[in-house]
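Chemist: need a 3D model of the sequence below.
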Amino acid sequence: MASQGKARRATLADIASATGLSKATVSKALNGRDDVSSETRERVLAAVTALGYRPTTTPFVAASRRALTVVFDLPASPYILNVLQGALIAATEGHLDLLPRLAPDLKARTHRTVAREWIAAQHASGAIGIVGLTLSEPDALIDAAAAAGLPFVMVDPVDTTNERMISVGSSNWAGARAATDHLIALGHRRIGWIGGPEASTAARDRFYGFSTALDAAGLALDPALVRHGTFDVATGSRLAQELLAAPTPPTAIMAADDELAVGVLATAYERGVRVPDDLSVTGFDDTPQSAWTTPPLTTVHQHLDGMGRMAVQTVLDMSADRQPASRHVELATSLTLRGSTAAPPTAASATPQTTSPA
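Modeler: Below is the predicted model of the structure:
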């Protein structure tokens, strides 16, 4: 006869019975012991999902202590730190513990077993959902979170088209177009582009905004003035060296984020190229550091803390069975004008480009 009372909670013995394994082996698999094969761990995790098993030990006994996991690859990035600030504020307001996590190794996270183990660990920590910050190759994690019933919201997704993905970002196309239009209005015609990874949706949208502005002004996109790399200062410096060493260097360089722009400014200084007299430079993000460069950086402002707050609020809504009206939310951008942009030098007054010593 079926029970008329509350449904019985799945136990470790139920997982053992469903998999044909001993309780000791099941326990080892759930605790990540390395003396359990990946095939065995996969069987255990599949049974955990099917039976809705939850450990009876803490933190589940402390149901009032809800948490939210924020996962990322680059903890030192000013971009990440500013988005995290917004997430922390929103989590605090929502009475959630914020659990910052480095993502599993890039090669490992694409495997279902690793992804399910990682998601199970977040579930066991009391997480009601997960926010991923510009996370590379997140599909397996997104799928594992969906199987476990955990909302997963991405901020500025990278190399994914997962149909389950809910994401938050900025109007990257419009921001990059506004910055390009500004340089064109100043009189620049040879504008270099230093972009982020081509797999990044945000980086691609910014490049499309740049190229659209050029096209609208009747300017041809010169492939010799286009570079792509990772979002960091060293890459900005290296790629700026390439552009400024050209026989006819650009009079302006647009960088796809502030860190790349800082690298451009450093290289310009090393080469004796004056900013903005000889070269105009723009960035993207408007991190606090951009106001303290020399000269202060003209950049596209995006609401980094707002994206963090929006991602946390979306997780809270989804955990309460309120689905977002759109699978992708974009926050508006605006152009912050500072001292790194000006009209291009005339042919008569331009300072010759110097080269670095051999």
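Chemist: enumerate every residue touching the most centrally placed residue in the chain.
Modeler: In the chain, the residue lying closest to the centroid (CA atoms, centre = their mean) is residue 134, at 1.6 Å. Counting by CB atoms under 8 Å, 6 or more residues apart in numbering, residue 134 makes contact with 72, 73, 74, 79, 80, 155, 156, 157, 158, 200, 202. C-betas here are computed from N, CA, C, even on glycine.
Chemist: what sits against the residue nearest to residue 12 when sequence neighbours are not counted?
Modeler: Excluding the flanking residues, the one nearest residue 12 by CB to CB, 6 or more residues apart in numbering is residue 23, at 5.3 Å. Residue 23 makes contacts with 12, 13, 16, as judged by CB under 8 Å, 6+ apart.
Chemist: ok, residue 191 next?
Modeler: By CB under 8 Å, 6+ apart, the neighbours of residue 191 are 180, 183, 184, 210, 214, 219, 225, 250, 251, 252, 253, 254.
Chemist: residue 150 reaches residue 120, doesn't it?
Modeler: No: counting by CB atoms under 8 Å, residue 150 sits too far from residue 120 to count as a contact (9.9 Å).
Chemist: residue 122 sits in which helix or strand?
Modeler: helix 112-124 (DSSP states H and E).
Chemist: report all helices and strands that that helix contacts.
Modeler: helix 38-51, helix 139-147 (3 or more CB pairs under 8 Å, 6 or more residues apart in numbering; DSSP states H and E).
Chemist: now do the strands in the stretch 251-358 of the chain.
Modeler: Assigned by DSSP state E, counting those that start in this stretch, the strands in the stretch 251-358 of the chain fall at 252-255, 280-285, 298-302, 328-331, 333-336.
Chemist: list the buried residues for the longest one?
Modeler: When burial is assessed from 16 or more other CB atoms under 10 Å, strand 280-285 yields the following buried residues: 280, 281, 282, 283, 284, 285.
Chemist: now do the same for that strand: mean pLDDT, whole number.
Modeler: In this model, strand 280-285 has a mean pLDDT of 97.
Chemist: distance from it to the middle of the chain?
Modeler: Using CA atoms, centre = their mean, to the nearest Å, the mean C-alpha position of strand 280-285 is found 19 Å from that of the whole chain.
Chemist: also the first one?
Modeler: On the basis of CA atoms, centre = their mean, strand 252-255 sits 22 Å off its chain's mean C-alpha point.
Chemist: so what strands line up beside it?
Modeler: strand 191-195 (parallel), strand 280-285 (parallel) (DSSP bridges).
Chemist: leaving out chain neighbours, which residue sits closest to residue 180?
Modeler: Nearest to residue 180 is residue 213, by CB to CB, 6+ apart, at 3.5 Å.
Chemist: nearest to residue 142 among the contacts of residue 191?
Modeler: residue 210 (29.5 Å; CB to CB).
Chemist: can you get me a residue count around the closest one?
Modeler: As a burial measure, residue 210 scores 23 neighbours (other CB atoms under 10 Å).
Chemist: could you pull up the contacting residues of it?
Modeler: Applying CB under 8 Å, 6+ apart, the residues near residue 210 are 176, 177, 179, 180, 191, 193, 254.
Chemist: show the subsequent helix or strand relative to the helix or strand encompassing it.
Modeler: Using DSSP H and E, residue 210 sits within helix 201-216. Moving toward the C-terminus from helix 201-216, the next helix or strand (DSSP H and E) is strand 226-228.
Chemist: on that earlier part again, buried sites along the helix holding residue 122?
Modeler: Using 16+ other CB under 10 Å as the test for burial, helix 112-124 gives 113, 114, 115, 116, 117, 118, 119, 120, 122, 123, 124.
Chemist: about what we covered before: how big is the angle separating the helix holding residue 210 from strand 298-302?
Modeler: 130 degrees (axes from the mean of the first three to the mean of the last three CA atoms, to 10 degrees).
Chemist: which one of the contacts of residue 191 is nearest residue 266?
Modeler: residue 253 (12.3 Å).
Chemist: neighbours of the residue nearest to that closest one when sequence neighbours are not counted, just the number please.
Modeler: Excluding the flanking residues, the one nearest residue 253 by CB to CB, 6+ apart is residue 192, at 4.2 Å. Residues lying near residue 192 (other CB under 10 Å) number 26.
Chemist: the helix or strand where residue 130 lies: how far from the chain's middle?
Modeler: Following DSSP H and E, one finds residue 130 within strand 127-133. The chain centroid and the centroid of strand 127-133 are separated by 13 Å under CA atoms, centre = their mean.
Chemist: give me the contact list for it.
Modeler: Strand 127-133 has contacts (CB under 8 Å, 6+ apart) with 66-72, 80, 83-84, 87, 96, 99, 103, 119, 122, 138, 141, 145, 150-157, 308, 311-312, 315-316, 318-319.
Chemist: mark which of these are buried, thanks.
Modeler: Buried residues within these, counting neighbours by 16+ other CB under 10 Å: 66-72, 80, 83-84, 87, 96, 99, 103, 119, 122, 138, 141, 145, 150-157, 308, 311-312, 315-316, 318-319.
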